[in-house]
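>>> what follows is a predicted protein model with its sequence.
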Amino acid sequence: MPRDSAVTRDRDGEAADWSVSDYLLAAVVDHLAAANWMFAAVNTDEDSDPPERPVPVPRPGHPEQQDEEDLAAEQAPPNAAELRRFFL
């Protein structure tokens, strides 16, 4: 199906508008913002407030902002049953 077909748009939503180049460009922008933030953080006075972390470019299909609790729950280590199921 073409990327601009109604079926693709219904199935993938906003992600149908993004190509590999768009995702790569968003990654480049995020990395440049992080590099600029690190440079600014290193070269500021010790007494001044550190600069705020950059916000990544939103990607389609991903929530805008996740709570820290949600991130911690997603990054929790697997339990024994999950490991057993994975390796068997």
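That came through, no problem. Numbers count the residues shown, from 1 in each chain.

>>> now the residue nearest the centre of the chain: phi and psi?
By CA atoms, centre = their mean, the chain has its centre lying nearest to Pro56, at 6.5 Å. Phi and psi for Pro56, reported as degrees, to the nearest 10, are phi -70, psi 150.

>>> going forward, begin numbering at 4 instead of 1
All set: I'll call the first residue 4, so the last point we hit is now Pro59.

>>> ignoring the adjacent residues along the chain, who's closest to it?
Take Pro59 and drop its neighbours on the chain: the residue closest to it by CB to CB, 6 or more residues apart in numbering is Asp33, 4.7 Å away. For every residue, glycine as well, the C-beta is placed using N, CA and C.

>>> surely the one you found touches Pro57?
Yes: assessed by CB atoms under 8 Å, Asp33 is found in contact with Pro57 at 7.4 Å.
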